[in-house]
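**Student:** Give me coordinates for this.
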Amino acid sequence: MKNIVKGSTVFVIAATLGAVATFGGTSVQAATWHKGTPKVFVGQKYRGKYVKSLRNIARHYEHVSATKTTYSVYGFQYEFKLKGTTYKYANKTYYIRGKAFGKTMTVKIRRLSTTKIRILPAGNWQTMTRY
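**Tutor:** As a prediction, the model looks like this:
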């Protein structure tokens with residue numbers, strides 16, 4: 001009698017665990033696009049290295065700033081503002097997508113620490129510091 005009870009108990013536990021693993025697990029899409037700008041960048045301003053050779057020609061720094069729905073990049077000879085931003089976080093990188101100049105653009109950002117980021121706005125990675 002004890003063997004039957006033990007056997008049926010083991011069967012019920014195994015069937016329950018199998019059903020939970022098959023049907024009860026939630027599938028999470030980690031790389032889905034979310035509305036807005038990531039909270040870690042909202043209200044923060046970052047700038048790149050000082051470029052001495054451009055001191056009489058253009059801006060000395062490249063600046064980056066963000067609000068809840070916009071992301072702005074001010075470069076040496078260019079600037080653009082992504083409006084209606086969405087973002088996703090994958091492989092320790094934030095992908096911020098928005099519209100600028102009538103086209104959809106994507107900016108890649110890696111957060112190195114609370115004060116430093118690496119950004120790929122157009123071409124090559126640049127390290128920037130919060131100010």
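
**Student:** what pairs with the residue positioned nearest the centre of the chain across the strands?
**Tutor:** The chain has residue 94 as the residue nearest its centroid, 2.1 Å off, counting by Cα atoms, centre = their mean. In this entry, residue 94 is beta-bridged to residue 89, residue 109, by DSSP bridges.

**Student:** Report pLDDT for it.
**Tutor:** Looking at residue 94, its pLDDT is 95.

**Student:** does it really touch residue 37, like I thought?
**Tutor:** No: here residue 94 does not reach residue 37: they are 9.1 Å apart, not a contact under Cβ atoms under 8 Å. (Each C-beta comes from the backbone N, C-alpha and C, glycine too.)

**Student:** list residues touching both of the two?
**Tutor:** Jointly contacting residue 94 and residue 37 under the rule Cβ atoms under 8 Å, 6 or more residues apart in numbering are residue 87.

**Student:** Please name the bridge partners of residue 80.
**Tutor:** residue 73.

**Student:** show me what contacts it?
**Tutor:** Counting by Cβ under 8 Å, 6+ apart, residue 80 has contacts 72-73, 100-101, 105.

**Student:** dump the residue contacts of the residue nearest to the centre of the chain.
**Tutor:** 38, 41, 87-88, 108-111.

**Student:** and those residues as TSV, adding pLDDT, distance to residue 129 and neighbour count?
**Tutor:** TSV is the format used below for these (pLDDT from 0 to 100; distance: Cβ to Cβ, whole Å; neighbours: other Cβ atoms under 10 Å):
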residue	pLDDT	distance to residue 129	neighbour count
38	94	18	17
41	94	14	22
87	96	21	20
88	95	25	17
108	94	18	13
109	94	14	24
110	95	14	15
111	94	12	16
